[in-house]
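Student: Show me how the following folds:
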Amino acid sequence: MYFVEVHDEKEVIEALEFAKQKNIPVLVLGNGSNILVSDGGFKGLVIANKIKFLQIGDNGFMTIGAGENWDDVVKQSVEKNLGGIECLSGIPGSAGGAVVQNIGAYGQTLSDVIKNIKAVEVASGAVKIFSLKECEFEYRNSWFKKNLNKYVVVAFELQLNPHAKPATNYAHVQKHFQNKSNPSLQQLRDFIIQIRASKGYLIMPGFESYKTAGSFFKNPIVSIEQFDKLKPILGNSDSNRFWELPNGVKIAAAFLMQEAGFGKGYREGSVGISPKHSLSIVNFGNASAFDIKAFAEKIKSVVFQKFSVKLEEEVLYV
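Tutor: Model (predicted):
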């Protein structure tokens with residue numbers, strides 16, 4: 001296995017040429033916060049993306065290097081009073097990883113503010129600018145995630161909203177600010193960070209965290225027919241267990257896991273569920289990647305047997 005850090009577009013192209021000469025596969029790595037690497041490792045070239053720059057232009061326009069720390073991007077946008085990504089505070093990982101994953105939280109999704117993405121093709125070293133349409137963004141998904149390691153994201157552009165009011169539409173957030181007039185973007189960011197800290201997967205100094213890749217599973221989207229069968233256990237819309245969408249109903253995976261017997265703190269040897277959040281699978285000691293994947297498969301199987309709902313991993317297997 002080979003490993004290299006790249007700090008600009010030229011170094012990306014050079015690294016890809018090396019892999020081509022060696023005839024080995026390429027794995028592009030951000031901060032590694034949302035992957036599970038097999039016990040055998042990766043037999044090829046690992047490219048750690050360290051391309052760091054952040055430019056804030058007029059009217060909320062931002063240009064960001066893919067190697068930037070994502071939360072630093074949010075921090076700077078809030079300091080400049082630019083709205084659009086404040087609810088994405090505290091999410092670990094690189095900016096490039098945030099794009100590939102199309103991160104979202106508390107009513108905001110990154111693809112809502114992306115203008116375009118600059119990437120280098122692995123096979124040829126050619127540079128391409130992807131339009132928003134070409135990125136094929138979906139819930140926690142993108143063209144880049146569906147076509148892993150075909151392109152290396154090097155930079156992207158955002159269009160944020162100057163002097164925007166903070167997004168407080170999400171039920172939990174709305175409740176917190178209901179008696180507080182005109183909260184600032186910074187106040188909302190601080191609250192989001194508090195929420196993430198309470199769930200135990202905030203990777204920031206001064207906060208308790210666990211050996212976890214964060215939310216292991218996506219919230220599944222089911223048909224209206226499936227939803228009608230599940231409705232007796234889901235309660236009303238204020239329960240925060242489901243969200244109606246144009247193409248179905250999104251169900252809280254954490255709730256399904258709890259109801260299937262995999263609640264907070266559930267544990268089998270060195271693998272288990274975080275004591276603070278039901279969606280986080282935790283390595284409590286010396287668990288192997290095989291152990292963690294087997295545990296995840298068990299959860300998927302039991303949830304499907306009980307509710308006929310298929311859980312899909314948010315974490316990427318390498």
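Student: what residues does the helix or strand of the chain with the lowest mean pLDDT touch?
Tutor: Least confident helix or strand of the chain, by mean pLDDT, DSSP states H and E, is strand 212-215 with a mean of 80. Contact with strand 212-215 is made by 33-36, 91-92, 200-201, 253, 274, 277, 279-283, 314-315, as judged by Cβ atoms under 8 Å, 6 or more residues apart in numbering. (Glycine included, C-beta is placed from N, CA and C.)
Student: how distant is that strand from the center of its chain?
Tutor: Computed by Cα atoms, centre = their mean, to the nearest Å, the separation of strand 212-215 from the middle of its chain amounts to 9 Å.
Student: Could you do stretch 256-263 as well?
Tutor: Worked out by Cα atoms, centre = their mean, stretch 256-263 lies 22 Å from the chain centre.
Student: Quick check, pLDDT for residue 277.
Tutor: We have a pLDDT of 83 for residue 277.
Student: Kindly provide the distance from it to residue 96.
Tutor: Residue 277 is 25 Å from residue 96, where distance means Cβ to Cβ, to the nearest Å.
Student: the more surrounded of the two?
Tutor: Between residue 277 and residue 96, counted using other Cβ atoms under 10 Å, the more crowded position is residue 96 (28 against 19).
Student: ok, which stretches of this protein are helices?
Tutor: 9-22, 70-79, 95-101, 143-146, 171-176, 185-198, 224-234, 253-259, 289-307 (DSSP state H).
Student: Could you single out the most deeply buried of these?
Tutor: Highest mean neighbour count among the helices of the chain (mean count of other Cβ atoms under 10 Å): helix 95-101, with a mean of 27.
Student: circling back: of all the residues in the least confident helix or strand of the chain, which ones are buried?
Tutor: 212-215 (16 or more other Cβ atoms under 10 Å).
Student: so what strands line up beside it?
Tutor: strand 280-283 (antiparallel) (DSSP bridges).
Student: what about the partner strand, average pLDDT?
Tutor: For strand 280-283, the mean per-residue pLDDT is 91.
Student: Only the C-alpha atoms, please, for that strand, written as CSV.
Tutor: Provided in CSV are the C-alpha atoms of strand 280-283 (Å, rounded to 0.1, in the frame of the first residue of the first chain):
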residue,chain,number,x,y,z
SER,A,280,-23.9,5.3,16.2
ILE,A,281,-22.2,1.9,16.2
VAL,A,282,-19.2,2.1,18.5
ASN,A,283,-15.9,0.2,18.8
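Student: quick one: it to chain centroid distance?
Tutor: Per Cα atoms, centre = their mean, the centroid offset for strand 280-283 relative to its chain is 16 Å.
Student: Please enumerate residues in contact with it?
Tutor: Residues contacting strand 280-283 (Cβ under 8 Å, 6+ apart): 199-201, 210-216, 270-274, 292, 295-296, 299.
Student: Kindly recompute the last result at 10 Å.
Tutor: The contact list for strand 280-283 (Cβ atoms under 10 Å, 6 or more residues apart in numbering) reads 36, 199-201, 209-217, 254, 257, 262, 264-265, 267, 270-276, 287, 289, 291-293, 295-296, 299, 313, 315.
Student: any weak-confidence spans in this structure?
Tutor: In the predicted model of the chain, residues 200-209 satisfy pLDDT under 70.
Student: all strands of the stretch 51-200 of the chain, in order?
Tutor: In the stretch 51-200 of the chain, the strands defined using DSSP state E, counting those that start in this stretch lie at 54-56, 61-65, 82-83, 104-105, 108-109, 114-121, 127-131, 151-159, 161-162.
Student: right, so of those, which gets closest to residue 195?
Tutor: strand 104-105 (9.0 Å; Cβ to Cβ).
Student: if we look at the closest one, which residues are touching it?
Tutor: 85, 87-91, 98, 110-112, 137, 139-140, 170, 192, 195-196, 215.
Student: related to what we said a few turns ago, can you list the strands of the stretch 51-200 of the chain in a markdown table and add distance to residue 231?
Tutor: Listed next are the strands of the stretch 51-200 of the chain as a markdown table, based on distance: least, Cβ to Cβ, whole Å:
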| stretch | distance to residue 231 |
| --- | --- |
| strand 54-56 | 45 |
| strand 61-65 | 42 |
| strand 82-83 | 35 |
| strand 104-105 | 24 |
| strand 108-109 | 26 |
| strand 114-121 | 35 |
| strand 127-131 | 40 |
| strand 151-159 | 38 |
| strand 161-162 | 36 |
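Student: That concludes my questions; thank you for your assistance.
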